[in-house]
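> compute the structure for the input listed below.
(2 chains)
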Amino acid sequence: MNCGAPLDAALLADYWIGALGNEEEAAVEEHVFACEECSARLAEIVELAGGVHDLAHSGSLLMVVSGDFLKQAEKNGLRVRQYAPPVGGSVQCTVTAEDDLLVGRLAANLSKAKQVDLSLCDLQGVEQVRLRDIPFAPEGDGVVWQQSITFAKAAPTSSVVARLLDVDASGGESLIGEYTFHHTRTLPGPGAW
Amino acid sequence: MLIVIELSDEEIVVRIGAGKDPDAEAEFCRRMGPRIRLYGLRHLRDQQAADDLMQQVLMTTLLALRECRLRETEKLASFVLGTCRMMVLDQRRNVRRREQLMEAWGADLPPTVIFATPRLDQDNLARCVQSLKERERAVVILTFYDEEAGPDAARMLGVTEANVRVIRHRALHQLRECMGVRR
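Next up is the predicted model:
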């Protein structure tokens, strides 16, 4: 059955998260109830939303998150392990079997930054991973970096240097802050990637 | 085995009203059940409550169709949606009525109201989410982890909520494309 005026998936996602006004929401519902194709698309969006929710809940993503996200995670029963080394300093850290999320709080003044990259390096300064153009609030007090809990639980004793870099339009970089995490493996087994 | 028959909404209304017609009733439930359930999930945010709503709305509307109480036969979808809205509004007051309906009609509901939703490939989804740009990933994750996260995402990105909506739409299309969804 083909729909003559299919509803866009993004509009259906807005409907699903309650981001539409009353009239628009009512119009979407009228359409979905009368249309097999669009109701199937809505079902797919709901499935996708549930999958993303589960993924976020699993703590397995390497990404930058917000303080409110962590509050919501704790409200949802997750155990969040956090470390906050000083700028230019280091912190001893670990992860246990009971931890669900692992985050590093990177304090920084980002008020003048246009684009910020997060570079994860080894102790020799060799970059391992880079998160480009990360989200940040210019008036905020820094960045909350979530390490993949799956990765961290598998990791051997090791160190990571996180660097916040201000990237200008020509690609030039300047260091905003550097933070070192000395991870000691406390879980059984040698740990391996 | 479920046999899907091609009937218009009007034909379904007419055939159910004309007398015992298990095929038309089964098609009615197959067609409307998932839509009612989605409505329930959206408004009740609870799988069990959505399943209950689906059962109640199907029973109520099926009874009305059997008794030829839907005069404008082309308005089946609106009729079912209206019943959903009414039932969600009256949910708490209707506990006793629902129990009576379940007793009277529960066993009579066609056995085709089983909905298999396609299961996501979670590994593929993780790969696709990780492949998004950082800002897009943040918006998608914040949005679907906490559906009231619009202002939080805007603060985190230092942009307006309208901008967050644009980023969310773009990210969702990329995510679906990466997942191989064509429609």
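> now the longest helix seen in chain A, how far from the centre of its chain.
Among the elements of chain A assigned as helix by DSSP state H, the one spanning the most residues is helix A:36-58. Per C-alpha atoms, centre = their mean, to the nearest Å, the displacement of helix A:36-58 from the mean C-alpha position of its chain is 19 Å.
> just the C-alphas of it, formatted as PDB.
What follows is helix A:36-58 as a C-alpha-only set of coordinates in PDB (Å, rounded to 0.1, in the frame of the first residue of the first chain):
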ATOM      1  CA  GLU A  36      -0.200   1.400   6.800                       C
ATOM      2  CA  GLU A  37       3.000   2.700   5.200                       C
ATOM      3  CA  CYS A  38       3.500   5.600   7.700                       C
ATOM      4  CA  SER A  39       2.400   3.500  10.700                       C
ATOM      5  CA  ALA A  40       5.100   1.000   9.700                       C
ATOM      6  CA  ARG A  41       7.600   3.800   9.400                       C
ATOM      7  CA  LEU A  42       6.600   5.100  12.800                       C
ATOM      8  CA  ALA A  43       7.100   1.600  14.200                       C
ATOM      9  CA  GLU A  44      10.600   1.600  12.700                       C
ATOM     10  CA  ILE A  45      11.400   4.900  14.300                       C
ATOM     11  CA  VAL A  46      10.200   3.700  17.700                       C
ATOM     12  CA  GLU A  47      12.400   0.600  17.300                       C
ATOM     13  CA  LEU A  48      15.400   2.800  16.300                       C
ATOM     14  CA  ALA A  49      14.700   5.200  19.300                       C
ATOM     15  CA  GLY A  50      14.600   2.200  21.600                       C
ATOM     16  CA  GLY A  51      17.800   0.800  20.200                       C
ATOM     17  CA  VAL A  52      19.600   4.200  20.600                       C
ATOM     18  CA  HIS A  53      18.300   4.400  24.200                       C
ATOM     19  CA  ASP A  54      19.700   0.900  25.000                       C
ATOM     20  CA  LEU A  55      23.000   1.800  23.400                       C
ATOM     21  CA  ALA A  56      23.300   5.000  25.500                       C
ATOM     22  CA  HIS A  57      22.300   3.000  28.600                       C
ATOM     23  CA  SER A  58      25.000   0.400  27.900                       C
END
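> any idea of the mean pLDDT in that helix?
Along helix A:36-58, the predicted confidence averages to a pLDDT of 94.
> wait, does it contact chain B?
Yes - with C-beta under 8 Å from any C-beta of the partner chain as the threshold, helix A:36-58 lies in contact with chain B, specifically through A:36-37, A:39-44, A:46-57. Heads up, the C-betas are built off the backbone N, CA and C, glycines and all.
> next secondary structure after the host helix or strand of residue B:14?
Assigned by DSSP states H and E, residue B:14 belongs to helix B:9-18. For helix B:9-18, the succeeding helix or strand toward the C-terminus, using DSSP H and E, is helix B:22-44.
> run the angle between that next one and helix A:36-58 for me.
Interaxial angle, helix B:22-44 versus helix A:36-58 (axes from the mean of the first three to the mean of the last three C-alpha atoms, to 10 degrees): 40 degrees.
> same for helix B:22-44, what does it pack against?
In this structure, helix B:22-44 makes packing contacts with helix A:22-34, helix A:36-58, helix B:9-18, helix B:47-66, helix B:76-89, judged by 3 or more C-beta pairs under 8 Å, 6 or more residues apart in numbering or on different chains; DSSP states H and E.
> of those, which approaches residue B:41 most closely?
Closest approach to residue B:41 among the helices and strands packed on helix B:22-44 is made by helix B:47-66 (4.5 Å; C-beta to C-beta).
> make sure residue A:151 is indeed in a helix.
Yes - using DSSP: H, G, I helix; E, B strand; the rest coil, the assignment for residue A:151 is a helix.
> that one and residue A:62, how far apart?
Between residue A:151 and residue A:62 the computed distance is 7 Å (C-beta to C-beta, to the nearest Å).
> which one's more surrounded, the two?
More neighbours surround residue A:62 than the other of residue A:151 and residue A:62, with 18 against 13 (other C-beta atoms under 10 Å in any protein chain shown).
> so, low pLDDT: which residues of chain A?
Low-confidence segments of chain A, defined by pLDDT under 70: A:1, A:193.
> still on that earlier bit, can I have the buried ones of the residues of helix A:36-58 next to chain B as a PyMOL selection?
PyMOL command restricting those to the buried ones, with burial defined by 16 or more other C-beta atoms under 10 Å in any protein chain shown:
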select buried, chain A and resi 39+40+41+42+43+44+46+48+49+51+52+53+54+55+56+57
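> and the helices in chain A?
Using DSSP H, the helices of chain A run over residues A:9-16, A:22-34, A:36-58, A:67-75, A:149-154.
> about what we covered before: of all the helices and strands packed on helix B:22-44, which one is nearest residue B:137?
Shortest separation from residue B:137 across the helices and strands packed on helix B:22-44 is recorded for helix A:36-58, at 9.8 Å, computed as C-beta to C-beta.
> other SSEs contacting the closest one?
Secondary elements touching helix A:36-58 (3+ C-beta pairs under 8 Å, 6+ apart): helix A:9-16, helix A:22-34, helix A:67-75, helix B:22-44, helix B:122-131, helix B:134-145, helix B:161-178.
> adding distance to residue B:89 and mean neighbour count, write these out as TSV.
Written out in TSV, the entries for the helices and strands packed on helix A:36-58 read as follows (distance: least, C-beta to C-beta, whole Å; neighbours: other C-beta atoms under 10 Å in any protein chain shown):
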stretch	distance to residue B:89	mean neighbour count
helix A:9-16	19	22
helix A:22-34	14	17
helix A:67-75	28	17
helix B:22-44	10	22
helix B:122-131	35	16
helix B:134-145	27	25
helix B:161-178	28	18
